[in-house]
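# Starting from these lines, generate the structure:
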Amino acid sequence: IAYVEQQWLDSYKEAIRHTIRRKAAFDKKLLQRTPGEVIFKPGQLVQVYRNDLDYTFKTKRKLIPKWSTP
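Numbers count the residues shown, from 1 in each chain. Next comes the predicted model:
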């Protein structure tokens with residue numbers, strides 16, 4: 001049972017790490033294009049962060065991606 005729990009923790013840690021890397025890459029690319037304040041126009045691709053998942057305690061919802069696809 002300890003092995004299964006460790007596998008779950010490792011996968012959760014990797015999912016968080018991937019999300020952070022993805023956000024950093026997105027932000028870096030966006031800021032290189034237009035430094036300073038960014039104003040989005042209708043029709044542009046953006047990522048939306050779901051902060052309702054930040055403080056969830058349900059196991060099933062913890063692995064749901066917090067960022068939408070572009």
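# what's the helix or strand for the spatially most central residue of the chain?
Among the residues of the chain, the smallest C-alpha distance to the mean C-alpha position (Cα atoms, centre = their mean) belongs to residue 19, namely 3.7 Å. Applying DSSP states H and E as the criterion places residue 19 in helix 2-33.
# coming back round to it: got a pLDDT number for the residue nearest to the centre of the chain?
You'll see residue 19 listed with a pLDDT of 89.
# same deal with residue 8?
As predicted, residue 8 sits at a pLDDT of 90.
# separation between it and residue 21?
With the distance defined as Cβ to Cβ, to the nearest Å, residue 8 ends up 21 Å from residue 21. The C-beta positions use only the backbone N, C-alpha and C, and glycine is treated the same way.
# where does this structure have low pLDDT?
53-54, 56-70 (pLDDT under 70).
# List the contacts of residue 40.
Taking Cβ atoms under 8 Å, 6 or more residues apart in numbering as the contact definition, residue 40 lies against residue 46.
# you'd agree it is in a helix?
No: under the criterion used here (DSSP: H, G, I helix; E, B strand; the rest coil), residue 40 is coil, not part of a helix.
# where's it relative to residue 47, distance?
Remark: distance between residue 40 and residue 47 (Cβ to Cβ) = 11 Å.
# So between residue 8 and residue 21, which is more surrounded?
Neighbour totals were compared for residue 8 and residue 21, and residue 8 leads with 13 against 10 (other Cβ atoms under 10 Å).
# Residue 22 versus that one, what's the distance?
Taking Cβ to Cβ as the criterion, residue 8 is separated from residue 22 by 21 Å.
# same question, residue 41
With distances taken as Cβ to Cβ, residue 41 is found 23 Å from residue 22.
# Neighbour count: the two, which is higher?
Of the pair residue 41 and residue 22, residue 22 is the one with more neighbours under other Cβ under 10 Å, namely 14 against 5.
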